[in-house]
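Engineer: A predicted structure for the sequence below; I have some questions about it.
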4 protein chains.
Amino acid sequence: MACSTAPPAPHAEPATAPSCASPPPPTPTLRRRVARQLDPGLRAEPGLSRTNMAVCGLIVLAVLVAVLGTEKPLYARYQTTFLGVEVGLTGLLALEYVARVWCSVENPAWGGSRLRYMCTPAACLDLAAVLVILTTAFASEGFLMRLAMLLRVLRIARIGRFSSAFDTLAEAVSSRAIDLVLSVGVSLTLLLLSSAAMYLVEADVQPEAFGSIPRAMWWSVATLTTVGYGDVYPVTVLGRLFAAVTAITGIGLIAMPTGILASAFSDAFQRQRQREAKAEAEARASSGASSGPAGSSGP
Amino acid sequence: MACSTAPPAPHAEPATAPSCASPPPPTPTLRRRVARQLDPGLRAEPGLSRTNMAVCGLIVLAVLVAVLGTEKPLYARYQTTFLGVEVGLTGLLALEYVARVWCSVENPAWGGSRLRYMCTPAACLDLAAVLVILTTAFASEGFLMRLAMLLRVLRIARIGRFSSAFDTLAEAVSSRAIDLVLSVGVSLTLLLLSSAAMYLVEADVQPEAFGSIPRAMWWSVATLTTVGYGDVYPVTVLGRLFAAVTAITGIGLIAMPTGILASAFSDAFQRQRQREAKAEAEARASSGASSGPAGSSGP
Amino acid sequence: MACSTAPPAPHAEPATAPSCASPPPPTPTLRRRVARQLDPGLRAEPGLSRTNMAVCGLIVLAVLVAVLGTEKPLYARYQTTFLGVEVGLTGLLALEYVARVWCSVENPAWGGSRLRYMCTPAACLDLAAVLVILTTAFASEGFLMRLAMLLRVLRIARIGRFSSAFDTLAEAVSSRAIDLVLSVGVSLTLLLLSSAAMYLVEADVQPEAFGSIPRAMWWSVATLTTVGYGDVYPVTVLGRLFAAVTAITGIGLIAMPTGILASAFSDAFQRQRQREAKAEAEARASSGASSGPAGSSGP
Amino acid sequence: MACSTAPPAPHAEPATAPSCASPPPPTPTLRRRVARQLDPGLRAEPGLSRTNMAVCGLIVLAVLVAVLGTEKPLYARYQTTFLGVEVGLTGLLALEYVARVWCSVENPAWGGSRLRYMCTPAACLDLAAVLVILTTAFASEGFLMRLAMLLRVLRIARIGRFSSAFDTLAEAVSSRAIDLVLSVGVSLTLLLLSSAAMYLVEADVQPEAFGSIPRAMWWSVATLTTVGYGDVYPVTVLGRLFAAVTAITGIGLIAMPTGILASAFSDAFQRQRQREAKAEAEARASSGASSGPAGSSGP
């Protein structure tokens, strides 16, 4: 009753608390429509909106351009094209950032304050993805230029935020975080011991490769992870015996996190299926009563 | 009642709709018998028919001949034999293709139309397996000849269609397709980041191997998958530190799909066992009543 | 009642059918006691008998001597010792074989016929382990001598028979035999396709390593299994792209059998635990009533 | 009633049997407070105490110094610093050892006898971690010095005692100890057979690498564990065929322990969750009644 006296278009004011909602406005404002495209939290349908798909494509394209741009002969030949594409893509990403800040007041999570949204890690990442273009100006050659390229490649991290299936994987991994950290600890201990053992028996024969424990660690990492570059390897009988033990232990090292993750994924998928079954049952129970849109403006 | 006036041998007409079936004919026609040999869907017994086993053998033999034929000294010495075997095998495969098209009207799935069957991907694959012989004529040397050989080797893909156990594996893999795609995505991101990091620290020392991100990717793939050819590897202390982190991350990369597939197989086998138990129970319940053949002509 | 007229020591006659057993004899014969030491099936207690433990030790020792004997400088120096130990160990294994044949009539599984026991694969393996000494006489150098050594090393296979825990593993593996065979089939197909693809793009550049599909397979095996010797690897951009795809596919190839086996072991251990719990419950229920030995002569 | 006549501070006497405890003393003695910091068994709160965290940090620091100290140029430059840090760290570890011995009478597990505590493996490890400093004196160069370094690195093993999550992993691994030992046995057998096979076919061509079975084992270990250094590899066609079979078998070898551990972890985590749920339920039931500390002095 009290709500019926609310203004018909409350969405123009940034800080409307959604405690007591009016009936949905007949025509949503432009900002609201843009917000529904950009913010997955305000979207009724599952999956990515078309705008966010385009943003993902933009990011992938920008990273690809950055990667290819590090190949000097290619860059020298198409320098103008590279610069043009880079500026164009950064302009679009800047536009996206401004649009996200402009729309952030639609999401009640930020309490109607744009500054509050701009301080979230996600928004900072978006801003950084735009500002990284500035590094092109002062970095022409050498380490600094390569650091600028690395920063541009890091934009790929933004894509992770769009995926909801990613959450299942992340949940499964983080549910066993202690055990995974522990198995990393066991790995590091084995790395240390095998390096020290190999240093003990091979330091005299191959001082360049096994002359100290830190040097022996390079061999030890390559063996325990079963990468086996083959640039250094033991040549004495005792060294090869230790290497064999290290390589066989390395299998256990691979088996441990695999076993932990296998049981974690098994649990996570089971939980997810139960959640889906529950959500479906609830949806069926409530489908007869509700008729309005499932957005944030519903009662 | 209306059905009793149907012609006694309706299988000669290609397009008889199986909506209202007559009692089974006392002697099945030749085409029907051939169809039962070639089409697993029309077969009452489980497992492969003898004809399909022979077809599998033919395909394996044809692929083997194609593989051995690429070894030039061997081919030069037994050129006539190779050509004869190739022509003979292709003739048999052509015969099989014609027989399959001829019989396809027996299977109600294609609605009695041979063209409809010929447009299925499986039939196209069969036709391609025959037509690939034509490539021998115009390709004598170099890239085109090798492409023709690759096409011949691709015939092996036809075997997959014959196995029903393959379906369990495929079902298990496809039930976690999103998660597997996601873990490939995580892998590609790690590949990108480790390449960029290695490019950052090793580009000055080894410009040939790490002078650009695409070049560094070759090392990164070999390390993350723990293949470790050893043709390129970092030599600086910082580079080796990054390589160690990459190699250890690579173990997680192997553990993730393994964990996902382990839980997927565990589920799939459980479902299969339940299905088998259910099918057995049903078979027991209905075994007293049914006496006709389990083909498509039963009521 | 009818049984009370049976002879008091029926075990001296080889072919007594154990259909209706007399009370256990007060003093078991020597042959029976030897049989209980050698035949795990006649033993009441779980685990290995002391004699069988000694036999295992003998086999390991014999294999170790054979392995060390292939190192020529070592063999040349201690030739007399090697020959003496070899003859002594073979003598003991011959004694064991004779004892097993002599005792085989005690086990009703062979129906009291020694010849029937001697024709079992296990007995043939035992005889072969003895007869392999004869190869020393005519093989002094080269391929034949090395084949003789391989035969001696094959004695190690006899140990597998003594372990009962081995059965759980074997059961788990064989319960998924079809799926494992299938995943080997998928692997071989991938091997074939990646070899053909690499042959397509690298045959001109590296004819020695990729000049034919069988040659390219050597690289393909090393990459798909992630062994990565590094003796051959692609050098063109397209070849490296294909190699990257192959290496990433190789991870899936490792993940598939691992996932199958993980779910198989999980099932097998669960079944084993249920069986043990059932056996324990039965043992408790019957422990008050039974008092005789658990050998083959009990009712 | 009988307990009320007990001395008010029974903790000063070493051998008080905790059969009938007095009400908790109003102010715990210094030794008791130190004991609670050092001994996880006497601690009410879960997790590590601050003192034990500091001890862990000390150990990691001491191992890091030992590892870096093996790099000769670094050691030569900062010799005084290395010696000072080493002496200081060892002094702190010695202090910790004395404090642990002094406090050990607080823990009823040792029956109030300090000697009994000093004879435990954990205490011996602590003492060894202190006494290893003495090796610096007499070992200046060569093998003995490196052995002393190895002993110092072994201090890292002390950290394992502090972790309770480690117990879950250790429990999971030890619950399948027989199966893991068995899979190691299968691996060794495969190692033996593949070495013997490769020795059979490659001994003539590469006598240095495959001239005896022990030599061929070095290649076999590198292949079965998929490390693949690439220093030795077969060159004949038959040898490469055997190597391919060995490499593919190696995948099964990795899959077996992984599968065993995956099912073991799955079980262990399930048991742990059940235990935690039970402990929580018990804690809720008893939380209303208890008010004293959860140490060893409670009733």
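Structural biologist: Looks like it arrived, so ask away. Residues are numbered from 1 along each chain as shown, chains lettered A, B, ... in the order given.
Engineer: Contact partners for whichever residue of the stretch 51-200 of chain A sits closest to chain C?
Structural biologist: Among the residues of the stretch 51-200 of chain A, residue A:71 lies nearest to chain C; the distance is 10.6 Å by Cβ to the nearest Cβ. (Glycine included, C-beta is placed from N, CA and C.) Residues in contact with residue A:71 (Cβ atoms under 8 Å, 6 or more residues apart in numbering or on different chains) are B:211, B:212, B:213, B:214, B:215.
Engineer: how long is stretch A:201-210 from one end to the other?
Structural biologist: With Cα to Cα, to the nearest Å as the measure, stretch A:201-210 spans 9 Å from end to end.
Engineer: Could you confirm whether that stretch reaches chain B?
Structural biologist: No - shown here: stretch A:201-210 not in contact with chain B (Cβ under 8 Å from any Cβ of the partner chain), separated by at least 11.6 Å.
Engineer: per the record, what domains does chain A have?
Structural biologist: The record's domain parsing of chain A by automatic domain parsing lists A:28-163, A:173-283.
Engineer: re the thing from before, how much space is there between the residue of the stretch 51-200 of chain A closest to chain C and residue B:210?
Structural biologist: 12 Å (Cβ to Cβ, to the nearest Å).
Engineer: Skipping adjacent residues, who's closest to residue A:255 in space?
Structural biologist: Leaving out its chain neighbours, the residue that sits closest to residue A:255 by Cβ to Cβ, 6 or more residues apart in numbering or on different chains is residue D:258, at 4.0 Å.
Engineer: sec struct for that neighbour, please.
Structural biologist: helix (DSSP: H, G, I helix; E, B strand; the rest coil).
Engineer: if we can go back for a sec, most tightly surrounded among the domains of chain A?
Structural biologist: Of all the domains of chain A, domain A:173-283 carries the top mean neighbour count, a mean of 21, counting by mean count of other Cβ atoms under 10 Å in any protein chain shown.
Engineer: Check the separation of the first and last residues in that domain.
Structural biologist: End residues of domain A:173-283 are separated by 29 Å (Cα to Cα).
Engineer: List the residues that contact the closest residue to residue A:211 other than its chain neighbours.
Structural biologist: Distances taken as Cβ to Cβ, 6+ apart put residue A:203 closest to residue A:211, at 5.5 Å, once the chain neighbours are dropped. Residues in contact with residue A:203 (Cβ under 8 Å, 6+ apart) are A:210, A:211, A:212, D:146.
Engineer: ditto for residue A:192
Structural biologist: A:213, A:217, D:63, D:67, D:153, D:156.
Engineer: List the ones among those that fall in helices.
Structural biologist: Among the contacts of residue A:192, the ones falling in helices (DSSP state H) are A:213, A:217, D:63, D:67, D:153.
Engineer: Could you save those as a markdown table and add columns showing pLDDT and distance to chain C?
Structural biologist: Formatted as a markdown table, the ones in helices among the contacts of residue A:192 follow (pLDDT from 0 to 100; distance: Cβ to the nearest Cβ, whole Å):
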| residue | pLDDT | distance to chain C |
| --- | --- | --- |
| A:213 | 92 | 26 |
| A:217 | 94 | 20 |
| D:63 | 89 | 31 |
| D:67 | 90 | 29 |
| D:153 | 82 | 30 |
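Engineer: Would you check which pair of the residues you listed lies furthest apart?
Structural biologist: A:217 and D:63 (12.6 Å; Cβ to Cβ).
Engineer: Flag the shaky bits of chain A, pLDDT-wise.
Structural biologist: Regions of chain A meeting the criterion pLDDT under 70 cover residues A:1-27, A:44, A:46-47, A:135-142, A:163-165, A:287-299.
Engineer: what does it put close to chain C?
Structural biologist: So chain A meets chain C at A:226, A:227, A:228, A:229, A:230, A:258, A:259, A:262 (Cβ under 8 Å from any Cβ).
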